[in-house]
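1. quick check, what structure comes out for this input:
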Amino acid sequence: MAILIILVALAGAALITVLATDRRLIEGATLLAAVMALVEAVIVSQTVAALGSYDALTFFSVDSLGALLLLIIACISLATVAYSIPYLRTETAKNIISYKQVQHYYLLLNLFMMAMFLAVSSSSPIFTWISIEATTLATAFLISFYNKPTATEAAWKYLIINSIGLLLGFFGTLLYFTSIEANLTSGFISWQGLAIAATHLDPVIARIAFIFVLVGYGTKVGLAPMHTWLPDAHSKAPVPISALLSGVLLNVALMAVLRFKLITDLVIGPDFTGHLFLLFGGVSILFAALIIFTQKNYKRLLAYSSVENMGIILLGFGLGGLGALAAVFHMMYHAFIKSALFLASGTIFLNYSSTKIANVKGVLTAIPITGGLFLAGFFAITGAPPVGIFLTKLSILAIGIKTYPVSTVLVLLLMAVLFIGFLKHTSAMMFGEKPTQLVATKESVWLILPPLALLVIVLYLGFWLPPFLQILINNVAVQY
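-> Numbering: from 1, shown residues only. Purely as a prediction, here's the structure:
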């Protein structure tokens, strides 16, 4: 099943190439691949919950963290594919994009999903690195999808910064391999083998290696100050791709950092990695807070919100204990909410034909359902009860204030600044008089259902967890 998840996405890409003359077949093939991937992800996750891990072949192994990410990727991929169909049809009808671009979009989207599935199910650090690098190549073309100079610039910036970052991460990976050189019996090195050989790793090399890994993969995670590609890329990519970049890909890159954290902790204990997590997490929240008020583009606004939330997740894992449990929940909640926000912003763009906050007024009047979804997503992502992010933020702050009271109070103040800045821009968009030149159109139910479904899932998971999902989350939290 783990292999099928990857092959389904690859088959979707192959079918698009074969069915290039029929748009409905291309859309159907992509949607079918996403549905099948979700079904298979649920089966694999239940198996992992029951057995502890799922080892398909030598090259594939899914643990609790991998299973949780498989579910997140599959759920959000299905929502984005379902949203992409009416979204791209609307843009085609407005002559914004051509049919050839639509074909390229679905081909790259399938390859993007396949690379993420491979990254979280690979049993090798090298295969994980290759897969995450593959996501960079696929999404670089998607970021430049509209063929505008600013989009091309954002794509190059994304490609160069992330490639350099991943090269640093690869160098850190090779430093970890020095622990198993004397014991190497074959050419294949797994995560488990690396952990077993960690006792032979020099503590100094372990520290240096983890710094390279954290900075390298942290670039892909969007941690400050390596985050400079993220606002440009998220604001220029098609909205469904922005949802996958922000809601899913950041977590996939974070998974690699977390796996290396476990190995490093076996060598030198958790304090070193924990302090680095706290440092980069705090700096990320600080950068987002400093720039939130100056944002003029609502997609960039959502991108900086992702920088903040990845910083919060890092704080939770850095604190450990119940902080790690809160971080796992926050990772899941943020993925669904941020994806829903990006999808809702796409419907706003289709109606207002602008991503500038100054040009978007009276959304609740013009498109009330989408406006309501965006407003609900705003309150959810900023931690308003009863959504689960309220409890995850509260838990992380409560744990942090015991050991780092001054720093935790500063983080709390920065969160308040972020809330005020986000509220300022959101209220400016939602309320007021809609532009006189705006022609009111009926909201498409197919553009409403995907973000609505994601928000309903978040609200539901805030009150009740399926037993297998609860086991997965607990297993991940116990590891950290």
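2. in the helix or strand hosting Leu279, what's buried?
-> Counting by DSSP states H and E, the element that carries Leu279 is helix 270-291. If you call a residue buried by 16 or more other C-beta atoms under 10 Å, then helix 270-291 has these buried ones: 270, 272-274, 276-289, 291. Bear in mind the C-beta positions are built from the backbone N, C-alpha and C, glycine included.
3. for whichever helix or strand comes after it, packing partners?
-> Tracing the chain past helix 270-291, the next element assigned as helix or strand by DSSP H and E is helix 298-319. Counting contacts by 3 or more C-beta pairs under 8 Å, 6 or more residues apart in numbering; DSSP states H and E, helix 298-319 packs against helix 229-236, helix 239-244, helix 250-268, helix 270-291, helix 322-352, helix 388-403, helix 405-430.
4. again, 6 Å this time
-> Counting contacts by 3 or more C-beta pairs under 6 Å, 6 or more residues apart in numbering; DSSP states H and E, helix 298-319 is packed against helix 229-236, helix 270-291, helix 322-352, helix 388-403.
5. include mean pLDDT when you put these into JSON lines, please.
-> Converted to JSON lines, the helices and strands packed on helix 298-319 look like this (pLDDT from 0 to 100):
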{"stretch": "helix 229-236", "mean pLDDT": "89"}
{"stretch": "helix 270-291", "mean pLDDT": "93"}
{"stretch": "helix 322-352", "mean pLDDT": "94"}
{"stretch": "helix 388-403", "mean pLDDT": "92"}
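6. can you redo those as CSV with distance to Val39?
-> Converted to CSV, those look like this (distance: least, C-beta to C-beta, whole Å):
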stretch, distance to Val39
helix 229-236, 29
helix 270-291, 35
helix 322-352, 19
helix 388-403, 25
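7. nearest to Ala79, out of those?
-> helix 322-352 (6.6 Å; C-beta to C-beta).
8. tell me the buried residues in that closest one?
-> Of the residues in helix 322-352, 323-352 count as buried by neighbour count, 16+ other C-beta under 10 Å.
9. what's in contact with the helix or strand just after that helix?
-> Counting by DSSP H and E, the next helix or strand C-terminal to helix 322-352 is helix 363-366. The contact list for helix 363-366 (C-beta atoms under 6 Å, 6 or more residues apart in numbering) reads 371, 429-430, 434, 438, 440.
10. among these, the buried ones, what's the ChimeraX command?
-> Buried residues among the contacts of helix 363-366 (16+ other C-beta under 10 Å), as a ChimeraX selection:
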select :371,429,430,434,438
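11. least confident of the contacts of helix 363-366?
-> Least confident by pLDDT among the contacts of helix 363-366: that is Ala440, with 61.
12. tell me, how many residues neighbour the residue nearest to Phe170 when sequence neighbours are not counted?
-> Spatially, and ignoring its direct neighbours in sequence, Phe170 is nearest to Trp129 (5.6 Å; C-beta to C-beta, 6 or more residues apart in numbering). Residue neighbour count, defined by other C-beta atoms under 10 Å, stands at 21 for Trp129.
13. and Leu69, by the same measure?
-> Neighbours of Leu69 (other C-beta under 10 Å): 28.
14. do Lys148 as well
-> Neighbourhood size, Lys148 [other C-beta under 10 Å]: 11.
15. gap between the nearest residue to it once chain neighbours are set aside and Leu262?
-> Distances taken as C-beta to C-beta, 6+ apart put Lys236 closest to Lys148, at 7.6 Å, once the chain neighbours are dropped. With the distance defined as C-beta to C-beta, to the nearest Å, Lys236 ends up 35 Å from Leu262.
16. which one's more surrounded, the two?
-> Higher neighbour count among Lys236 and Leu262: Lys236, with 27 against 17, using other C-beta under 10 Å.
17. in contact with the more buried one, which residues?
-> Each residue near Lys236 by C-beta under 6 Å, 6+ apart is listed here: 143, 151, 154.
18. what kind of secondary structure is the residue nearest to Ile96 when sequence neighbours are not counted in?
-> Distances taken as C-beta to C-beta, 6+ apart put Tyr146 closest to Ile96, at 7.5 Å, once the chain neighbours are dropped. At Tyr146, secondary structure determined by DSSP: H, G, I helix; E, B strand; the rest coil is coil.
19. could you check the pLDDT of Tyr146?
-> 89.
20. how far away is it from Thr355?
-> In terms of C-beta to C-beta, Tyr146 sits 12 Å off from Thr355.
21. those two - which one has more neighbours?
-> Neighbour tally, Tyr146 and Thr355, criterion other C-beta under 10 Å: the higher count belongs to Thr355, 20 against 15.
22. go ahead and confirm the more buried one touches Arg300.
-> No - Thr355 lies out of contact with Arg300 (C-beta atoms under 6 Å); the separation is 8.1 Å.
23. identify the contacts common to those two.
-> Here Thr355 and Arg300 share no contacting residue, scored by C-beta under 6 Å, 6+ apart.
24. from Ala197, how far off is Leu276?
-> Computed with C-beta to C-beta, the distance linking Leu276 and Ala197 is 22 Å.
25. what's the answer for Leu454, then?
-> Using C-beta to C-beta, Leu454 is found at 41 Å from Ala197.
26. between those two, who's got more neighbours?
-> Shown here are Leu454 and Ala197; by other C-beta under 10 Å, Leu454 has more neighbours (30 against 21).
27. tell me the pLDDT of that one.
-> Per-residue confidence (pLDDT) for Leu454: 95.
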